[in-house]
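Visitor: Task: produce atomic coordinates for the following.
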Amino acid sequence: MDPGATVRAERDGSGAMRAGAMALVPTVIVVVVDATALGIILPLLPFYAQALGATPFMVGALVSVYAVCQLVAGPIVGMLSDRYGRRNVLLASQLGTFAGLVLLALANDLTLVFLARIIDGLTSGNISVAHAYAAEHSSPSARKQALGMTSGAIGTGLLIGPAVSGLLVPFGHAAPVWAAAMLSMLSIAATWLLLPADQPTSETICVPRLPERRTTRTMLGLRYAWRLLGLLLVFFLANAMFISQIGLFLSARFRWDGHPFGARELGCVFAYAGLINMIVQGVLITRVNMFASDRTIIILAFGGMAAGCVGLAFASTLGLLALCLTLIIAGSMIVRSTLTAELSRSAAIERQGMIMGLNQSLMSIANIAAPLVSGALIGRGLHTMWALAIAVITGCGASLAARLLSSRHTGDAKAAKHSALASA
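Guide: The predicted model follows:
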């Protein structure tokens, strides 16, 4: 074998990887701005709603009504992005987010807050479309790295956003919301100017009915993909319970400088979560994959989340709180990114929008039920039971991962290939 040919092949391969990474830079910029706006709202919303008279159950209901709208819109957004292009659908989604944020900033009662979340939920899909765009513009071997880049961009936004929220809260609860709305407008401009148009040709749009039905049957036959979706549903249930009420849990259990945790302190927690996300995506995931399989990684990550939640149930000091939050946050980042990458690889490239839409729909189902249960527990002062319930769910996730991910089905790869041929 010619050593020069080997060197040239390696050089070409590394060059292709660099080119692929550079092609995703506009997507990363858009995701960072979107995630920053989201990061501003997440720690603020529970206290924003409480200031207008919301109970913990109503705070959970705010998450649930948003999720109901996502459930309706998720698959539609995914399929529209497959058919009419990621950029066009992303712009429409971002415009809805902007309108929802403006209404939220102007809200003076809970009715308008709920209406703002409904508008945002019906047009949501920014992140799932961005994941599909990243998967579509990367080779199968580099797809996990591409999705890691978008996940890292989310982590960057979730690091910056809560910090901005904490800085602006002293100027009133509406000030951070207006900042998020301005960032949303910036995201729209970035999408319009930076992302290349990907409007499909008329041939792609006019897909015959029969191949579409064949593709649907093929996806239903992807047993490994549905196993991954099942595990993601377990994760979404635990994550929704945790995210929707962690602010009120910390406010009831912990104090900082003599006062209960509020929007500023919760902003610090979310900023810390963003920092962990960046470390996990940028450093930990790639190195851990060198020594352990995805199955082992997912089991350990679910186990870490369960251990963190058990500790959180009985934590009484800030040091122990930090340790428990680290286990929960790092575990959740690893589970989400690893399962999402595996899910992307389980489907044909032109069906990324559809399968990510299904993924978002499952997240919406979890986000409908879990926050209501979580709000009911916190509203009744059952803080320990709330944390232990999340620990049980994540423990079940570890057990299911050990069973469902024992082996990959080679038939799935053939089915994905058949899906590509059927829709050609």
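Visitor: Name the nearest residue to Ala252, sequence neighbours excluded.
Guide: Counting by CB to CB, 6 or more residues apart in numbering, Ala252 lies nearest to His383, which is 6.0 Å off, once chain neighbours are set aside. Every C-beta, even on glycine, is put in place using the N, C-alpha and C of the backbone.
Visitor: Would you check that the one you found makes contact with Arg253?
Guide: Yes. Using CB atoms under 8 Å, His383 is in contact with Arg253, at 6.2 Å.
Visitor: Can I take it that Pro196 is in a strand?
Guide: No. Under DSSP: H, G, I helix; E, B strand; the rest coil, Pro196 falls outside any strand and is assigned coil.
Visitor: tell me the contacts of Cys268?
Guide: Applying CB atoms under 8 Å, 6 or more residues apart in numbering, we find Cys268 in contact with 162-163, 166.
Visitor: Might you list the low-confidence residue ranges for the chain?
Guide: Within the chain, the stretches with pLDDT under 70 are 1-24, 74, 78, 125-148, 151-152, 155, 197-222, 346-357, 406-424.
Visitor: May I ask you to name the longest helix in this structure?
Guide: When the chain is parsed with DSSP state H, its longest helix is helix 223-253.
Visitor: list the buried ones in that one?
Guide: 224-229, 231-251, 253 (16 or more other CB atoms under 10 Å).
Visitor: Secondary structure element holding the residue nearest to Ile41 when sequence neighbours are not counted?
Guide: In space, and not counting its chain neighbours, Ile41 is closest to Ala180: 5.5 Å by CB to CB, 6+ apart. Here Ala180 sits within helix 174-194, counting by DSSP states H and E.
Visitor: That helix - contacts with which helices or strands?
Guide: Contact analysis of helix 174-194 by 3 or more CB pairs under 8 Å, 6 or more residues apart in numbering; DSSP states H and E lists helix 25-41, helix 86-106, helix 143-168 as its packing neighbours.
Visitor: Now do that helix against helix 25-41, angle only.
Guide: For helix 174-194 against helix 25-41, the angle between stretch directions is 170 degrees (axes from the mean of the first three to the mean of the last three CA atoms, to 10 degrees).
Visitor: angle of helix 174-194 against helix 86-106?
Guide: 160 degrees.
Visitor: Off-centre distance for helix 174-194?
Guide: For helix 174-194, the separation from the chain centroid amounts to 19 Å (computed by CA atoms, centre = their mean, to the nearest Å).
Visitor: Contacts for it, please.
Guide: 26, 29-30, 33-34, 36-38, 40-41, 44, 48, 87, 90-91, 94-95, 97-98, 101-102, 104-106, 126, 161, 164-165, 168-169.
Visitor: and if you look at stretch 161-168?
Guide: So stretch 161-168 is contacted by 35-44, 175-176, 179-180, 263-264, 266-271, 274 (CB under 8 Å, 6+ apart).
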